[in-house]
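*Asks:* Please work out how this folds:
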Amino acid sequence: LRLERPESGWRQFYGAPENSVWCETVELGDGAVDVLPEACAAFQERLDIAHGPLASIVHFRSAAEFGHRLLIAVHHLAIDGVSWRILLEDLESAYDQALAGPKEVQLPVRTTSFREWSKSLGDVRRITKLNISRPVGIETPVHLPREGDGENYERDATMKVVRLDSAVTADLLQRSSTAEHLGINATLLTALALALRNRTGRDRHLIDLEGHGREEAIVASLTDKPAHDLSRTIGWFTSMYPVEIAADDDLGAALEMNGRMLESIPHRGLTYQLVHGSSGADVLFNYLGQLDQVVAELKYLRYAPESTGPWHHPRSRRSHLLEINCAIVDGCFEARWAFNRGIHHEAIIDETAKDFIDALRTIVAIRANKSSSPERLSLSPIQQLYFSLEQARPNSGFDQWHCEIEGPVEVKRFRAAWDGVSRRHEVLRTTF
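*Replies:* Numbering: from 1, shown residues only. Next comes the predicted model:
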């Protein structure tokens, strides 16, 4: 991938495959852990969006300290969070095949290319002439109070990290889909709204929300063309769109409001930036999912604990005053609050981040206490279809698996195992 900026504006194109990726081995001597961040940063600075490469692979060796480390640096213009799983799976598969002998590497069948997807988004813009409005309720974003008037550059950015322990994280993941089918984003945004209310005194805030953007079905419906398959496509597909988050003393009501707000977003936010520019919001929020799963099934690669240095050039202008990136790392929920220390005092951001994580704990605890109470669930579309076809035979349609058991069965332990599975999966306790 290459980018250029003629008078008509930025455009991207594919360059020649030669020299498309930098591959190098670097020997690090004594103090390798201390010099590794600077060495990684040097290779990341070589990435060139105009002439290439947009990716670097560097093998660092230090026999005295950590042995082997592999840096894979790809410019964000060419990759997103979802793509990393695809890239690492393909890399391991190719490596396994190379170890097996001198044969041509065979990877899974290619899915829709980024070029085709880009053309389809152009079709969406031209065909639909979308009228995607701003969120109802806030015409002008509520800006965060500033303690300083500095310029918002990466050189002045710093980070505050807050976490939940593994037990609370497990409850968060398990209980984030409740009777309203709200999902984890509604829970996280409700906690954020409560934290921001403590900061500004307002119940509602306009923020920018990032999504994965791989909305094949939505693009197919808008263009009336067969759906693309992006399941194994690498690229930057991320969507970003403004949402209005709400705080309320009644946590149930706040969760409901934020859940319904998310459900009402046109085209899951995919089309907003095709029509509008920046929303003007100060806050950017992104839940990256369970990053543990990216490497969970890999044979050779695991996350390394050492720093890779800064991810952004110090002279780059930041898009938002406050960027919050959340993920599950090593089984624990983690939220990274990036801010400008020349604009916001660190103590105030620390307090707001703590309010956010405390609100999350409160929401998880309340849901855990309510989990024993009967909840009314809406029927899914396929369940509604089932009952419309089977009204006279409500007990039909059992899903049965028949298994042969070899050896003796310890009934008490098997019953205890089943009770544990039943507690974990609420749907097994559903009554109609």
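*Asks:* Run a quick neighbour tally on Gln174.
*Replies:* In terms of burial, Gln174 registers 16 neighbours under the definition other CB atoms under 10 Å. For the C-beta atoms, the positions are set from N, CA and C on the backbone; glycine is no exception.
*Asks:* ok but it is inside a strand, no?
*Replies:* No. Counting by DSSP: H, G, I helix; E, B strand; the rest coil, Gln174 is located in no strand; its state is helix.
*Asks:* List the contacts of it.
*Replies:* Residues in contact with Gln174 (CB atoms under 8 Å, 6 or more residues apart in numbering) are Arg424.
*Asks:* what's the pLDDT at it?
*Replies:* Reported pLDDT at Gln174 in the predicted model: 83.
*Asks:* quick one: it and Ile363, what's the gap?
*Replies:* When distance is defined by CB to CB, to the nearest Å, Gln174 is 13 Å away from Ile363.
*Asks:* What of Ile127?
*Replies:* Between Ile127 and Ile363 the distance, using CB to CB, works out to 41 Å.
*Asks:* And these two? Which one has more around it.
*Replies:* A side-by-side neighbour count of Ile127 and Ile363, using other CB under 10 Å, places Ile363 first with 24 against 12.
*Asks:* So that one is in contact with Ala191, correct?
*Replies:* Yes. At 6.2 Å, Ile363 and Ala191 qualify as touching, with contact defined as CB atoms under 8 Å.
*Asks:* what distance separates stretch 353-365 from the middle of the whole chain?
*Replies:* Relative to the mean C-alpha coordinate of its chain, stretch 353-365 is positioned 20 Å out (CA atoms, centre = their mean, to the nearest Å).
*Asks:* Just the buried positions in it, please.
*Replies:* Of all the residues in stretch 353-365, those buried under the rule 16 or more other CB atoms under 10 Å are 353, 355-357, 359-360, 363-364.
*Asks:* for the residues you listed, which one is nearest Leu71?
*Replies:* Sorting the buried residues of stretch 353-365 by how near they are to Leu71, with CB to CB, puts Ala353 at the top with 29.1 Å.
*Asks:* Which elements pack onto the strand or helix carrying the closest one?
*Replies:* Secondary structure from DSSP states H and E places Ala353 in helix 346-370. Using 3 or more CB pairs under 8 Å, 6 or more residues apart in numbering; DSSP states H and E, the elements in contact with helix 346-370 are strand 157-163, helix 166-175, helix 183-200, helix 251-263, strand 332-340.
*Asks:* Toward the C-terminus, what is the element adjacent to the fourth one?
*Replies:* Looking back up the chat, that one is helix 251-263. Reading on from helix 251-263 to the C-terminus, the next helix or strand found by DSSP H and E is helix 272-275.
*Asks:* What of the third one?
*Replies:* Next helix or strand after helix 183-200 toward the C-terminus (DSSP H and E): strand 204-211.
*Asks:* hmm, who's touching that following strand?
*Replies:* 135, 137-138, 141-142, 185, 189, 192-193, 196, 238-247, 268-270, 279-286, 320.
*Asks:* Each with direction, which strands does that strand pair with?
*Replies:* Strand 204-211 has these partner strands in its sheet, going by DSSP bridges: strand 239-246 (antiparallel), strand 283-290 (parallel).
*Asks:* what's the angle from the first one to helix 183-200?
*Replies:* So that's strand 239-246. Between the axis of strand 239-246 and that of helix 183-200 there is an angle of 60 degrees, by axes from the mean of the first three to the mean of the last three CA atoms, to 10 degrees.
*Asks:* Strand 239-246 to helix 251-263, inter-axis angle?
*Replies:* Going by the same axes, to 10 degrees, strand 239-246 makes 150 degrees with helix 251-263.
*Asks:* Contacts for strand 239-246, please.
*Replies:* Counting contacts by CB under 8 Å, 6+ apart, the residues outside strand 239-246 that touch it are 134-138, 189-190, 192-193, 196, 203-213, 215, 254, 257-258, 261-262, 265, 268-270, 272-273, 279, 281, 284.
*Asks:* Let me know the pLDDT of the closest residue in space to Leu87 that isn't next to it in sequence.
*Replies:* Take Leu87 and drop its neighbours on the chain: the residue closest to it by CB to CB, 6 or more residues apart in numbering is Ile234, 5.8 Å away. pLDDT recorded at Ile234 is 96.
*Asks:* Flag the shaky bits of the stretch 1-150 of the chain, pLDDT-wise.
*Replies:* 18-19, 128-141 (pLDDT under 70).
*Asks:* make it 80
*Replies:* The stretch 1-150 of the chain contains residues with pLDDT under 80 at 16-20, 63-65, 127-142.
*Asks:* got the residue ranges for the strands in it?
*Replies:* For the stretch 1-150 of the chain, strands defined by DSSP state E, counting those that start in this stretch occupy the ranges 2-4, 11-13, 21-27, 55-62, 67-74.
*Asks:* quick one: buried residues of the first one?
*Replies:* Of the residues in strand 2-4, those buried by neighbour count under the rule 16+ other CB under 10 Å are 2-3.
*Asks:* How far away from the center of its chain is it?
*Replies:* When distances are taken as CA atoms, centre = their mean, strand 2-4 is centred 26 Å away from the chain's centroid.
*Asks:* Pairing partners for it, with directions?
*Replies:* Counting by DSSP bridges, the strands paired with strand 2-4 are strand 11-13 (antiparallel).
*Asks:* who's in contact with the partner strand?
*Replies:* Residues outside strand 11-13 that contact it (CB under 8 Å, 6+ apart) are 1-5, 77, 118.
*Asks:* got it, and stretch 404-424?
*Replies:* Taking CB under 8 Å, 6+ apart as the criterion, the residues outside stretch 404-424 that touch it are 174, 428-429.
*Asks:* and if you look at stretch 158-168?
*Replies:* Residues outside stretch 158-168 that contact it (CB under 8 Å, 6+ apart) are 172, 331-341, 346, 349-350, 353-354, 356-357, 360-361, 364.
*Asks:* where do the helices sit along the stretch 301-432 of the chain?
*Replies:* For the stretch 301-432 of the chain, applying DSSP state H, counting those that start in this stretch gives helices covering 346-370, 381-389, 411-424.
*Asks:* how about those helices in JSON lines, adding mean pLDDT?
*Replies:* Compiled in JSON lines, those are given as follows (pLDDT from 0 to 100):
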{"stretch": "helix 346-370", "mean pLDDT": "92"}
{"stretch": "helix 381-389", "mean pLDDT": "73"}
{"stretch": "helix 411-424", "mean pLDDT": "83"}
